[in-house]
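K.L.:
Give the three-dimensional model of this entry:
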Amino acid sequence: MLTVRKSHERGTANLGWLHSQHTFSFGHYHDPFHIHIGPLRVINEDRVSAGRGFEPHSHKNMEILSYVLDGALEHKDSMGNGSVLRYGDVQRMSAGAGVTHSEFNHSAYEPVHFLQIWIIPAQDGGEPGYEERHFDAASKKGRLRLIASNDGREGSVSLRQNVSIYATILDGGERAELGLQVGRQAYIHVARGRVKVNDCQLSAGDAARLTDESAVSLSEASGAEVLLFDLPA
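P.N.:
Numbering: from 1, shown residues only. Next up, the predicted model:
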């Protein structure tokens, strides 16, 4: 079964310097029908104005990933990490028993556009951790590139949960497919462009959940960049 969540159905927060669209309940946006899917708790599409950002704040018991689409995102945390993320960079911060971090638009002139993703870990607590990897466009072109997994295989960032996240860039006749094991489900988020997911056409900001399906097929794309989440059912 394929269930579509259209872009305009997401929650919205507009603080002037921040425009955010929430796939799941977050902050002041509460939707009892969209709390989480398995361990996938948050997909926020954030646009932050030049020179602005999130002041230091704390998290615990969450796997937090940032996927930069445009611009430069500056990160600092209480573990002593500091970096500037750009397109193609994927950052994973395991909050564990507790961590403090800040996120700012590194540019004084241009906005930054990124996805923030939260995964509920398999176990609470533990030492916080940090990791980042770069996945250039060529590595995602016309194929599913693993960017996050429970064991860090294929050069992906590692997660404290049995989740695999793939990214792909598709156009024209390019096609990508992922088989789903029994007891697994998939969630697809279209970051930009248009793509057909199985037999359903989706556009930027749209998403689809697949349950009781044997495979996910992505085809008939136009300038598409897509994230695919392989999740426990």
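K.L.:
Which strands or helices does the helix or strand hosting Arg47 pack on?
P.N.:
According to DSSP states H and E, Arg47 maps onto strand 40-48. Helices and strands touching strand 40-48, by 3 or more CB pairs under 8 Å, 6 or more residues apart in numbering; DSSP states H and E, are strand 18-22, strand 99-105, strand 112-119, strand 184-197. For every residue, glycine as well, the C-beta is placed using N, CA and C.
K.L.:
Ok, which of those comes nearest Lys141?
P.N.:
Judged by CB to CB, the one of the helices and strands packed on strand 40-48 that comes nearest to Lys141 is strand 184-197, at 12.9 Å.
K.L.:
between the closest one and strand 40-48, how big is the angle?
P.N.:
40 degrees (axes from the mean of the first three to the mean of the last three CA atoms, to 10 degrees).
K.L.:
Just give me the residue closest to the centre of the protein.
P.N.:
Ile117 (4.3 Å; CA atoms, centre = their mean).
K.L.:
Centre of the chain to the helix or strand bottoming out on mean pLDDT in the chain, how far?
P.N.:
Least confident helix or strand of the chain, by mean pLDDT, DSSP states H and E, is strand 53-59 with a mean of 92. The chain centroid and the centroid of strand 53-59 are separated by 19 Å under CA atoms, centre = their mean, to the nearest Å.
K.L.:
Can you list the strands that it pairs with?
P.N.:
Partners of strand 53-59 in the sheet, by DSSP bridges, are strand 99-105 (antiparallel).
K.L.:
Need the CA coordinates for the partner strand. CSV is fine.
P.N.:
The C-alpha trace of strand 99-105 is given here as CSV (Å, rounded to 0.1, in the frame of the first residue of the first chain):
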residue,chain,number,x,y,z
VAL,A,99,24.4,17.2,24.1
THR,A,100,24.1,21.0,23.3
HIS,A,101,24.6,22.4,19.8
SER,A,102,23.9,25.4,17.7
GLU,A,103,23.2,25.8,14.0
PHE,A,104,23.7,29.0,12.0
ASN,A,105,23.7,30.1,8.4
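K.L.:
contacts for that strand?
P.N.:
Strand 99-105 has contacts (CB atoms under 8 Å, 6 or more residues apart in numbering) with 48-60, 66, 71-79, 93, 111-112, 128.
K.L.:
how about that strand: buried residues?
P.N.:
Val99, His101, Glu103, Phe104, Asn105 (16 or more other CB atoms under 10 Å).
K.L.:
Good, wrapping up.
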